[in-house]
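In: sequence plus predicted model, see below.
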Amino acid sequence: MDSDALNTFLAVHRRGGISNAAKFLHRSQPAISRRIALLEQELGVPLFERVAGRTRLSDAGRVLIPHAERAVAAAEDAEQAIRALTRQTSGPVSLAVTGTLADARLSGIMKRFAKEHPDAALSLRTATSAEVSGLIRRGEATIGLRYHIDRSRDLDCTPILSEKLGVVCAADHPLAGRRVKRLAELRAERWVAFPEIAGRPEIAAAHVFALFLTQGLGDIEWTAVDSLTAQKRLVEAGFGIALLAESHVADELAAGTMSRIAVGDLAASNDISVVTRRGGFLSLAARKLLEILQSDYGEIGVAAARRPKPGRPARKAVARRRVR
């Protein structure tokens, strides 16, 4: 059982059949069929079944999937390790991030990396937090950024920033710039939030709804919007209010098109973590990107910790008033 056979097996599974796998791998259909047949002969069990005209995994195929993914990823690690001996910081680096983290902050990090390492080929793809972990696990991405910690044993997942969540509204909203004692006081408001998609969960969205439920807000009126930009435009237009990370609305708050509603019993945050495959090879270029991510997000966290809370004066200002 070699890596080519396992890679062919994974391609047939992921592409939904022999024909699509052949196109993806740039090989003929008979060649793909023969490779699968030899693998099944070697293992002594069928790996695929035809059900209602579609190619589906057999029980043995489902068992093989995680082992095949790890074996193919390990083979790619070996290839990358050999290349890195001569190419230094050149070569591909794939970054997978949760969609809402692909913001101006990340854009600045990518620009910095490209400037410092022009020979590295950096690519970016977005996914849900769970999907980011899957891409790293399968070796389809080198480094991942996701919400919260994935405690899977085959991943290294390290928190690098805790983003505070806050309620935001249109600048002309009756509660703009004001404070309420409890989140429950906003029950009558219309909310804008990310949708809950069956089979494709996003932990950040689930976290928001968990907060609502713990505060007795399970029956709120809310509109599902799967785009952060669209959410912000709807909030600006007065269509509803939202619970968003401070960094996501920093520009709108500065421009005065959006305002905060301070909530006394709300202490919520989303932890951002960087993910790599445990024991997986990281090229020099990938290690440099990892260092930049950890450094830049760490600096943001320190700055946020030092920033005075909304509605409270900074310590120095208080000290000056006491002296007077």
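Out: Sure, I can see it. Numbers count the residues shown, from 1 in each chain.

In: average pLDDT across stretch 58-70?
Out: Stretch 58-70 shows a mean pLDDT of 92.

In: just the strands in the protein please.
Out: Along the chain, counting by DSSP state E, strands occupy 48-51, 54-57, 91-98, 120-127, 143-147, 155-170, 179-180, 190-193, 221-224, 242-245, 258-263, 269-277.

In: what does the third one rub up against?
Out: By CB atoms under 8 Å, 6 or more residues apart in numbering, the residues outside strand 91-98 that reach it are 80, 83-84, 106, 110, 119-129, 131-132, 135-136, 140-147, 202, 204, 283, 285-286, 289. To be clear about C-beta, it is placed using only N, CA and C from the backbone, and glycine gets the same treatment.

In: let's see it at 6 Å
Out: Applying CB atoms under 6 Å, 6 or more residues apart in numbering, the contact partners of strand 91-98 are 83, 120-127, 129, 132, 135, 141-147, 283, 285-286, 289.

In: export the strands of the chain to CSV and tack on mean neighbour count and distance to Ala210?
Out: What follows is the strands of the chain, written out as CSV (neighbours: other CB atoms under 10 Å; distance: least, CB to CB, whole Å):
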stretch, mean neighbour count, distance to Ala210
strand 48-51, 12, 37
strand 54-57, 15, 33
strand 91-98, 21, 17
strand 120-127, 16, 21
strand 143-147, 25, 13
strand 155-170, 19, 12
strand 179-180, 14, 20
strand 190-193, 19, 12
strand 221-224, 14, 14
strand 242-245, 24, 11
strand 258-263, 21, 16
strand 269-277, 21, 12
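
In: Ile18 is nearest to which of these?
Out: Closest approach to Ile18 among the strands of the chain is made by strand 54-57 (6.9 Å; CB to CB).

In: list the neighbouring strands of that closest one plus their orientation.
Out: Strand 54-57 sits in its sheet next to strand 48-51 (antiparallel), going by DSSP bridges.

In: the strand it pairs with: how far from the chain's middle?
Out: In terms of CA atoms, centre = their mean, to the nearest Å, the centre of strand 48-51 is found 33 Å from the chain centre.

In: just the CA trace of it, in CSV.
Out: Provided in CSV are the C-alpha atoms of strand 48-51 (Å, rounded to 0.1, in the frame of the first residue of the first chain):
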residue,chain,number,x,y,z
PHE,A,48,-16.5,1.6,-2.5
GLU,A,49,-20.1,0.6,-3.3
ARG,A,50,-22.5,1.8,-6.0
VAL,A,51,-25.7,3.0,-4.3
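
In: the domain parsing of this structure - what is it?
Out: 1-84, 161-272 (automatic domain parsing).

In: neighbours of Asp219, how many?
Out: By other CB atoms under 10 Å, 8 other residues sit near Asp219.

In: my bad, should have said Ala114
Out: 12.

In: now swap in His67 and tell me
Out: For His67, using other CB under 10 Å, the count is 11.

In: need the strands of the chain in CSV with distance to Ile65, can you?
Out: As requested, the strands of the chain are arranged in CSV below (distance: least, CB to CB, whole Å):
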stretch, distance to Ile65
strand 48-51, 12
strand 54-57, 7
strand 91-98, 19
strand 120-127, 18
strand 143-147, 20
strand 155-170, 17
strand 179-180, 49
strand 190-193, 33
strand 221-224, 32
strand 242-245, 35
strand 258-263, 45
strand 269-277, 16
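
In: sounds good, over and out.
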